[in-house]
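> The sequence and its predicted three-dimensional model are supplied below.
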Amino acid sequence: MTPPARLLRLLALLQAQPNWTGPALAQRLDITERTLRRDIDKLRGLGYAVEASSGVAGGYRLAPGTKLPPLAIEEDEALAIVLGLASLGGGTLASVADAGQRALAKIDQVLPAPLRQRLARVRRALVVRGPHAAAAGAQVGAERIAALADACAERRTLQVRYADHAQHASERRIEPQQLVFGDGRWYLVAWDLGRDDWRTFRVDRLEVLATGAVFAARRPPAEDMGRYVAQGVASAAHRFAAVVRFDAAAEQLAPSLEWVPAVVEALPGGGTRVHVGSQSLDALAVWLACTGLAFTVESPPALVKHLATLSSRLAEAAARSSRLRTASVRKAR
């Protein structure tokens, strides 16, 4: 470590534990005890009250009542730290996610009050769903996330310019509700005043043009906003989106789910609801048939009609084939 980094590490160790022996501190920092004494003197020179005691039980500690000064950190740096640590909540390593939350709590304690309040708004507006691997072309500035979080917290109407997946730009007036981070991208769930419905916007395609009046709170479109966005993203890139309920558990569906982009929802009683997208109704019908499981199509009605049409065609083909086979057997006799 560089000397400044080592001093910060030394200060963190003294804060984390009330008493340290000299050899233990030196070992943790991978330095000699002589270097440790010099570093202790440097901390005292910076205004930190570090007490030392001699003897067998001697060592170092921060003097009782010692208060650390506010963390010297810029706002954009604090936003980057908070967003990065918060995103750990969508990962698969529980220990890492817990460590991130503990780190956020410690950072909160030493930030100036105005910055701490703004970061709290950012965290309240944020939902994280995993996995969170980086996605190409989805970089978003921390300040943009903070500004959208402010708008969510203050319920401020936004005038925005948005480019869809085909890069067609349009201007919208929206009421921002929730930020969601998942699959390496940031999303904003908002009520679209022009379309009179909820919409999900990719933040990297969104440009805020103006901030408007305060709007009245609306009931969110779902309790689990992370799942709501995941379902929308799974179906948005496909011509047809279907919702199918299976009587089987998700584990029985697992082999079939490798074929299609889907979001799985476990149901009370052991059933499973699947949100799935495809470019054709034929592909959806083939996939459903190949699962080999009992299912009910909840939407769209077009898929139900298509299944009935295919069923009739297949039944007719089977009947003709059976008659042809019977005729061939009789002729052979």
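That came through, no problem.

> Find the least confident helix or strand in the protein, judged by mean pLDDT.
Within the chain, confidence by mean pLDDT, DSSP states H and E is lowest for helix 94-110 among all helices and strands, at a mean of 67.

> which element follows that one toward the C-terminus?
Beyond helix 94-110 in the direction of the C-terminus, DSSP states H and E gives the next helix or strand as helix 113-124.

> Mean confidence (pLDDT) on that following helix, please.
In this model, helix 113-124 carries a mean pLDDT of 80.

> what do you get for stretch 321-329?
On average, the pLDDT along stretch 321-329 is 76.

> That stretch: how far from the chain's middle?
Its chain's C-alpha centre and that of stretch 321-329 lie 58 Å apart, by CA atoms, centre = their mean, to the nearest Å.

> Which residues are in contact with residue 36?
Shown in contact with residue 36 (CB atoms under 8 Å, 6 or more residues apart in numbering): 10, 22, 25, 26, 29. (Glycine included, C-beta is placed from N, CA and C.)

> tell me which element the nearest residue to the third one once chain neighbours are set aside is part of?
In this case it means residue 25. Taking CB to CB, 6 or more residues apart in numbering, and ignoring the residues beside it in sequence, residue 25 has residue 36 as its nearest neighbour in space, at 5.7 Å. When elements are assigned from DSSP H and E, residue 36 belongs to helix 33-45.

> And residue 328, by the same measure?
Remark: residue 328 resides in helix 301-332, with elements defined by DSSP H and E.

> helices or strands next to that helix in the packing?
When contacts are defined as 3 or more CB pairs under 8 Å, 6 or more residues apart in numbering; DSSP states H and E, helix 301-332 packs onto strand 240-246, helix 281-291, strand 295-299.

> Low-confidence regions, the stretch 151-300 of the chain specifically.
The model of the stretch 151-300 of the chain has pLDDT under 70 over residues 183, 234-238.

> any idea where the helices of it begin and end?
In order along the chain, the stretch 151-300 of the chain carries the following helices (DSSP state H, counting those that start in this stretch): 225-236, 250-257, 281-291.

> Can you say which of the ones you listed is packed in most?
Per-stretch averages of neighbours, counted by mean count of other CB atoms under 10 Å, single out helix 225-236 among the helices of the stretch 151-300 of the chain, with a mean of 20.

> Keeping just the C-alphas, turn that helix into CSV.
C-alpha atoms of helix 225-236 as CSV (Å, rounded to 0.1, in the frame of the first residue of the first chain):
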residue,chain,number,x,y,z
MET,A,225,-40.9,-3.9,-9.5
GLY,A,226,-37.8,-5.9,-10.3
ARG,A,227,-39.9,-8.8,-11.6
TYR,A,228,-42.2,-6.4,-13.4
VAL,A,229,-39.3,-4.9,-15.4
ALA,A,230,-37.8,-8.4,-16.0
GLN,A,231,-41.1,-9.6,-17.5
GLY,A,232,-41.3,-6.5,-19.7
VAL,A,233,-37.7,-6.8,-20.9
ALA,A,234,-38.2,-10.5,-21.7
SER,A,235,-41.1,-9.9,-24.0
ALA,A,236,-40.2,-6.5,-25.5
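
> before we move on, the earlier item: show me what counts as buried in the helix holding residue 328.
Applying a neighbour-count criterion of 16 or more other CB atoms under 10 Å, the buried positions in helix 301-332 are 303, 306, 307.

> before we move on, what about stretch 21-38?
Residues of stretch 21-38 classed as buried by neighbour count (16+ other CB under 10 Å): 22, 25, 26, 29, 31, 36.

> any idea how far residue 25 is from residue 33?
Separation of residue 33 from residue 25 (CB to CB, to the nearest Å) stands at 8 Å.

> meant to ask about residue 304
For residue 304, the distance to residue 25 under the criterion CB to CB works out to 71 Å.

> Find me the pLDDT at residue 72, would you?
Turning to residue 72, the model gives it a pLDDT of 57.

> what do you get for the one 3 residues further on?
According to the predicted model, the pLDDT of residue 75 comes to 69.
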